[in-house]
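Novice: I would like to see how this sequence folds:
(chains A, B, C, D, E, F, G, H, I, J, K, L, M and N)
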14 protein chains.
Amino acid sequence: MDTTIIAVVAVASIVTAGLTTAIGCIGPALGEGRAVSSALTSLAQQPDAAATITRTLFIGLAMVESVAIYCFVISMILIFANPFWNQVIVQAGGK
Amino acid sequence: MDTTIIAVVAVASIVTAGLTTAIGCIGPALGEGRAVSSALTSLAQQPDAAATITRTLFIGLAMVESVAIYCFVISMILIFANPFWNQVIVQAGGK
Amino acid sequence: MDTTIIAVVAVASIVTAGLTTAIGCIGPALGEGRAVSSALTSLAQQPDAAATITRTLFIGLAMVESVAIYCFVISMILIFANPFWNQVIVQAGGK
Amino acid sequence: MDTTIIAVVAVASIVTAGLTTAIGCIGPALGEGRAVSSALTSLAQQPDAAATITRTLFIGLAMVESVAIYCFVISMILIFANPFWNQVIVQAGGK
Amino acid sequence: MDTTIIAVVAVASIVTAGLTTAIGCIGPALGEGRAVSSALTSLAQQPDAAATITRTLFIGLAMVESVAIYCFVISMILIFANPFWNQVIVQAGGK
Amino acid sequence: MDTTIIAVVAVASIVTAGLTTAIGCIGPALGEGRAVSSALTSLAQQPDAAATITRTLFIGLAMVESVAIYCFVISMILIFANPFWNQVIVQAGGK
Amino acid sequence: MDTTIIAVVAVASIVTAGLTTAIGCIGPALGEGRAVSSALTSLAQQPDAAATITRTLFIGLAMVESVAIYCFVISMILIFANPFWNQVIVQAGGK
Amino acid sequence: MDTTIIAVVAVASIVTAGLTTAIGCIGPALGEGRAVSSALTSLAQQPDAAATITRTLFIGLAMVESVAIYCFVISMILIFANPFWNQVIVQAGGK
Amino acid sequence: MDTTIIAVVAVASIVTAGLTTAIGCIGPALGEGRAVSSALTSLAQQPDAAATITRTLFIGLAMVESVAIYCFVISMILIFANPFWNQVIVQAGGK
Amino acid sequence: MDTTIIAVVAVASIVTAGLTTAIGCIGPALGEGRAVSSALTSLAQQPDAAATITRTLFIGLAMVESVAIYCFVISMILIFANPFWNQVIVQAGGK
Amino acid sequence: MDTTIIAVVAVASIVTAGLTTAIGCIGPALGEGRAVSSALTSLAQQPDAAATITRTLFIGLAMVESVAIYCFVISMILIFANPFWNQVIVQAGGK
Amino acid sequence: MDTTIIAVVAVASIVTAGLTTAIGCIGPALGEGRAVSSALTSLAQQPDAAATITRTLFIGLAMVESVAIYCFVISMILIFANPFWNQVIVQAGGK
Amino acid sequence: MDTTIIAVVAVASIVTAGLTTAIGCIGPALGEGRAVSSALTSLAQQPDAAATITRTLFIGLAMVESVAIYCFVISMILIFANPFWNQVIVQAGGK
Amino acid sequence: MDTTIIAVVAVASIVTAGLTTAIGCIGPALGEGRAVSSALTSLAQQPDAAATITRTLFIGLAMVESVAIYCFVISMILIFANPFWNQVIVQAGGK
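Specialist: Next up, the predicted model:
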């Protein structure tokens, strides 16, 4: 029965790790696309403000990217530092 | 039967932790993208108000980011400080 | 059978706590993004009204944030002060 | 069998309490975001009418918030004053 | 078997009560948000008509709110004055 | 078997009564919100036609509200005057 | 087995009657809201044509309302004049 | 087994009759609402063409309504002139 | 077993006949509504071209209506001239 | 077992034939509605180009209609010239 | 068991053939409708460029139509030249 | 058991081949429709740039079409050069 | 049991390979369509900048196409260089 | 039982690897399409700012592309460096 548990936890970790990054990347990609799009329109309209616009753009992109990174971090934790997996492996090994 | 329970609770925690951050990041990413987008358009239209605009933008981004952080916190609690998991481990160990 | 019940209630609490915050954060994030976006556009259009605009913005953001906090509170109650879980633990222990 | 019933009713209450607030918060958050957004645009367009605009905004936000509070109240009733749960507990205890 | 029926009817009532209010609140919240939004835009455009606009707004909000209240009433009936639940309790008690 | 049938019919009635009002309220709420929104914009644009506009608005709102009331009536019939429930109760009692 | 059939047909009738009206009301409510909305905008733009506009509006609303009434009629037939239910009751009684 | 077949065919007919009208009414209601909406806008813009506009509107509404009537006819055939039901009843009776 | 097959084929035919017309009517109704809507706007803009516009409108409506009629024809074939049903009846009778 | 196979293949053919036409008609109906709609707007804007516009419209409608006809042809093949059905009938008869 | 396999492969082929064309036709129909629509608007705006516009339109329509034909070809292959079906028939016959 | 495996792999290949092309054609068709639509509008606005516009259009269409061809290629590989199918056939034959 | 595993892994690989390319092609096709569309509009507006516009367009298309190619690569790996499939074949052969 | 576990983990890895890239590519493709689209419009409007616009575009595209690459990396890890797969293989081999 131990190996079944290992399989179930492994499957859950694999599927969740993948879907978390996949779903979590839709929003940031669209949000960044929108921000970049506005930046370009603004640059065309007011080239003199290029310094302020690009600086604000990069700060904004960093904020949006941080959301995508939360998802990536969760995925990495689930793949490489999964406390539930470790517990299950120990449980299975110690028995 | 104890190991089955451990597996079920572990799977639920893994899947929920992933999906919470994944789903919860769609909204903030889109909202921040929109805010940054407006900030850039506004900067291009009224470069003189850059100080007020960027200050308001950062406060607004912080508010939206806080919503994403709620989700991230829930995920972290479910992975690293899950009271149900602790209870189940104790139950399984003490028996 | 007691441990099965514990597992079922624990799983329901974990999944619900996560999804409540995740789903409940989509709306507030989009709403706040929209409000911030309008604030920035308004600031660019009428810099003289900055005081009124930012004050109204903060009250509005507080109202929207309150909706997200309702969801966060429900999640926290389900994780750390769950009356059904307490009842089930007592039931399982007393038996 | 009594404990099974307790578990089923507890799970239904937990899940419903969470989802009611989560789903019910999407609408109010978007509606309030829209209202605040229009208020800010209006303030920028007609700063002289600030008193009327903010008064109307607050009444409107209160109306929309009331809808979110209906959902929060239902959730709270289901968690802390659930008549079905009480009946089931009595039934289980008296037997 | 009586207790099973009690559990099933209780679960159906709990879930329905929650979802009715949750789903039924999406529409009114969006509708009210739209109405308030237009009211604010109108006030900014024609401050002299403030009396007529706010009066019409309140009547309109009352109409939309009534729809949300239908849902809230159904939920309350299902929780506190549920004829099916009463029948089932009587059935279970009399047997 | 009679009690099972009672439970099934009761559950169907409860769930349908709730969902009918919940789903059926989305449309009217949005429709009324749109109508009120246009009324307010029209009032701001043409305050002299206030009498005609508000009269037409109220007739229109009544038409839309009637659709919501159809759903509410169906829900009330299913809860308090359900012919199938009566038949099943009679069937169960006479047996 | 007869009572099971009665339950199944009753459940199908109840659920269908509710959902038919619920789903069928979304379209008419939105359509009417749009029509009323345009009528109000038109009245504000051309108050002199009020007679023609309101007459055309009422005919149009009647057409759209007729669609909602089709659904309501189907629901009423399924609840109070259901040929399948009558056949099943006869079948069950005659046996 | 005959009664089971009767029940299955009856349930399929009931559910299909309801859903056909319900789903089939969404399109026509929205389409008619749009047509009426344009008619009113057109009347306000060109009151002199009222005769042509209303005549074209009525022909158009009749075309759209005909689509809704197709669905209603199918529902009525399934309830009151269902060849499959007749066949099954005969089959069941003759046996 | 023959009667089971009859029931299954009958149910499939009933459900498909209904859904085909229901789903197939959404598109044509919206398309016709759009066409009529444009016709009315065009008439208001260019009353002199009424003859050409209405002639083109009727040809266009006929084309769109033909799509709805395809679905209605399929439904009618499935109800009244279903080759699979005939085959099954013959099969069941000859056996 | 042969009759079961006949039933399964018949059901699959019936359901697929209906859904193919139903789903496949949504696109063409909307596309044609859009094309007709543009034609009418264009006619109102440039009545002198009526000949070119209507000719292009008819070619375009034919192209879009051809897509709907593909679906109708597939449905007809599945109902009246289904090679799988013929094979199964032969198989069942020859055995 | 051979006949069951034949049935399963036949059902899969029938359903897939239908759905492939049905789903695959939504996109091309909408795309062509949009292209035709733009062509008509362009013709009304610039009648002198009719030759270039219609030529480009026909090339574009051919490209879009080719996508629909890919789906139609797949459906035809699955119905009339299905290698899996042939293999299964041979397998069933040779055994 | 070999024949069952053959059936399962055949069914998976058939369904996937169909759906891949069907789903994968929605995007390219819409994208090409949009590109053609813009090309026609551009031609009407700037007939002098016809050469550059049509050349860019054809390159763009080729890029979009390539995406549809990826899907078509995958479908063709799955039908006519499926390595898993070959392996399974060999496995089944050699045994 | 080995052959069952082979079938399961083969089916998973087939379905995933198809869906990955199918789903993954929707986004790039729409994105490229949008980019091409803007390029054509821009060319019509500023023919003098044709060189810069087409160069930027091609770089942008390459970036978007790269996303579609990621999906195509994953599909190809799953069909022709699938490590899990190789492992399973080895496992099955060596046993 | 070991081989079953291998199959389950392999299937989960295959499906997740495919879907992660497929779903995760929708957002970036649309976002990049939007960014490129705005860049082209901006170039046409302000050709003099071409240097700033293209530089900002490339930085923005890189940010959005990075999100797509997160998904691709997760897929590659799941296919070629899957720790759960390695653990399961070791487990199966060592036993």
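
Novice: After whichever helix in chain A runs longest, which helix or strand is next?
Specialist: The single longest helix within chain A, with elements called by DSSP state H, is helix A:50-80. Going down the chain from helix A:50-80, the next helix or strand is helix A:83-94, by DSSP states H and E.

Novice: can that following helix be found next to chain C?
Specialist: No - against chain C, helix A:83-94 shows no contacts by Cβ under 8 Å from any Cβ of the partner chain, the least distance being 11.7 Å. No exception for glycine: its C-beta is placed from N, CA and C like everyone else's.

Novice: Measure how buried A:P47 is and give me the count.
Specialist: As a burial measure, A:P47 scores 17 neighbours (other Cβ atoms under 10 Å in any protein chain shown).

Novice: excluding its backbone neighbours, what's nearest it?
Specialist: Spatially, and ignoring its direct neighbours in sequence, A:P47 is nearest to N:A49 (4.4 Å; Cβ to Cβ, 6 or more residues apart in numbering or on different chains).

Novice: What residues of the longest helix of chain A count as buried?
Specialist: A:50, A:52-54, A:56-58, A:60-61, A:63-79 (16 or more other Cβ atoms under 10 Å in any protein chain shown).

Novice: Of these, which are in range of chain N?
Specialist: Among these, chain N is touched by A:50, A:54, A:57-58, A:61, A:65, A:68, A:71-72, A:75, A:79 when using Cβ under 8 Å from any Cβ.

Novice: Now the two most distant members of the residues you listed.
Specialist: By the measure Cβ to Cβ, A:A50 and A:I79 form the most distant pair in those, at 41.2 Å.

Novice: give me the low-pLDDT residue ranges for chain A?
Specialist: A:1-2, A:92-95 (pLDDT under 70).

Novice: Let me see the contact set for A:G27.
Specialist: The contact partners of A:G27, by Cβ atoms under 8 Å, 6 or more residues apart in numbering or on different chains, come to A:67-68, B:25-30, N:27.

Novice: switch the cut-off to 10 Å
Specialist: Residues near A:G27 by Cβ atoms under 10 Å, 6 or more residues apart in numbering or on different chains: A:64, A:67-68, A:71, B:22-33, B:68, C:26, C:29, N:27, N:67.

Novice: for the closest residue to it other than its chain neighbours, what are its contacts?
Specialist: Counting by Cβ to Cβ, 6+ apart, A:G27 lies nearest to B:A29, which is 3.2 Å off, once chain neighbours are set aside. By Cβ under 10 Å, 6+ apart, B:A29 lies in contact with A:24-32, A:34, A:63-68, A:70-71, B:64, B:68, C:29, C:33, N:27, N:67.

Novice: hmm, 6 Å instead?
Specialist: Listed by Cβ atoms under 6 Å, 6 or more residues apart in numbering or on different chains, the contact set of B:A29 reads A:27-28, A:31, A:64, A:67.

Novice: With A:T16 instead?
Specialist: Taking Cβ under 6 Å, 6+ apart, we find A:T16 in contact with A:78, B:14-15, B:18.

Novice: Just the element for the residue nearest to A:G27, please.
Specialist: Secondary structure assignment for B:A29, by DSSP H and E: helix B:26-45.

Novice: For that helix, list the C-alpha coordinates in CSV.
Specialist: C-alpha atoms of helix B:26-45 as CSV (Å, rounded to 0.1, in the frame of the first residue of the first chain):
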residue,chain,number,x,y,z
ILE,B,26,-5.2,36.0,-12.6
GLY,B,27,-7.1,39.0,-11.1
PRO,B,28,-4.2,40.9,-9.6
ALA,B,29,-2.1,40.5,-12.7
LEU,B,30,-4.8,41.9,-14.9
GLY,B,31,-5.7,44.6,-12.5
GLU,B,32,-2.1,45.7,-12.1
GLY,B,33,-1.6,45.6,-15.9
ARG,B,34,-4.6,47.9,-16.3
ALA,B,35,-3.3,50.3,-13.6
VAL,B,36,0.2,50.5,-15.1
SER,B,37,-1.3,50.9,-18.5
SER,B,38,-3.4,53.9,-17.4
ALA,B,39,-0.4,55.4,-15.6
LEU,B,40,1.6,55.3,-18.7
THR,B,41,-1.2,56.9,-20.8
SER,B,42,-1.6,59.6,-18.1
LEU,B,43,2.1,60.3,-18.0
ALA,B,44,2.1,60.8,-21.7
GLN,B,45,-0.9,63.1,-21.5
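
Novice: thinking A:S42 is in contact with A:T56, fair?
Specialist: No - using Cβ atoms under 6 Å, A:S42 is not in contact with A:T56, being 9.4 Å away.

Novice: In this structure A:I23 contacts B:A22, no?
Specialist: Yes - A:I23 lies in contact with B:A22 (Cβ under 6 Å); the separation is 4.0 Å.

Novice: Which of the two has more residues huddled nearby?
Specialist: B:A22 (26 against 22).

Novice: State the helix or strand in which the more buried one lies.
Specialist: Element membership for B:A22 (DSSP H and E) is helix B:2-24.

Novice: Quick check: buried residues in that helix?
Specialist: B:3, B:5-24.

Novice: got the CA positions of that helix in PDB?
Specialist: Provided in PDB are the C-alpha atoms of helix B:2-24 (Å, rounded to 0.1, in the frame of the first residue of the first chain):
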ATOM      1  CA  ASP B   2      -3.600   5.800   8.600                       C
ATOM      2  CA  THR B   3      -1.400   6.100   5.600                       C
ATOM      3  CA  THR B   4      -4.400   6.500   3.300                       C
ATOM      4  CA  ILE B   5      -5.600   9.400   5.400                       C
ATOM      5  CA  ILE B   6      -2.100  10.900   5.200                       C
ATOM      6  CA  ALA B   7      -2.200  10.600   1.500                       C
ATOM      7  CA  VAL B   8      -5.600  12.100   1.100                       C
ATOM      8  CA  VAL B   9      -4.800  15.100   3.200                       C
ATOM      9  CA  ALA B  10      -1.500  15.600   1.500                       C
ATOM     10  CA  VAL B  11      -3.000  15.500  -1.900                       C
ATOM     11  CA  ALA B  12      -5.700  18.000  -0.900                       C
ATOM     12  CA  SER B  13      -3.100  20.300   0.500                       C
ATOM     13  CA  ILE B  14      -0.900  20.100  -2.600                       C
ATOM     14  CA  VAL B  15      -3.700  20.600  -5.100                       C
ATOM     15  CA  THR B  16      -5.300  23.500  -3.100                       C
ATOM     16  CA  ALA B  17      -2.000  25.200  -2.500                       C
ATOM     17  CA  GLY B  18      -1.200  25.300  -6.200                       C
ATOM     18  CA  LEU B  19      -4.700  26.200  -7.400                       C
ATOM     19  CA  THR B  20      -5.100  29.000  -4.800                       C
ATOM     20  CA  THR B  21      -2.100  30.900  -6.000                       C
ATOM     21  CA  ALA B  22      -2.800  30.100  -9.700                       C
ATOM     22  CA  ILE B  23      -6.400  31.200  -9.700                       C
ATOM     23  CA  GLY B  24      -5.800  34.000  -7.300                       C
END
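
Novice: gap between that helix and the chain center?
Specialist: 16 Å (Cα atoms, centre = their mean, to the nearest Å).

Novice: got the angle between that helix and helix A:26-45?
Specialist: Here the directions of helix B:2-24 and helix A:26-45 differ by 20 degrees (axes from the mean of the first three to the mean of the last three Cα atoms, to 10 degrees).
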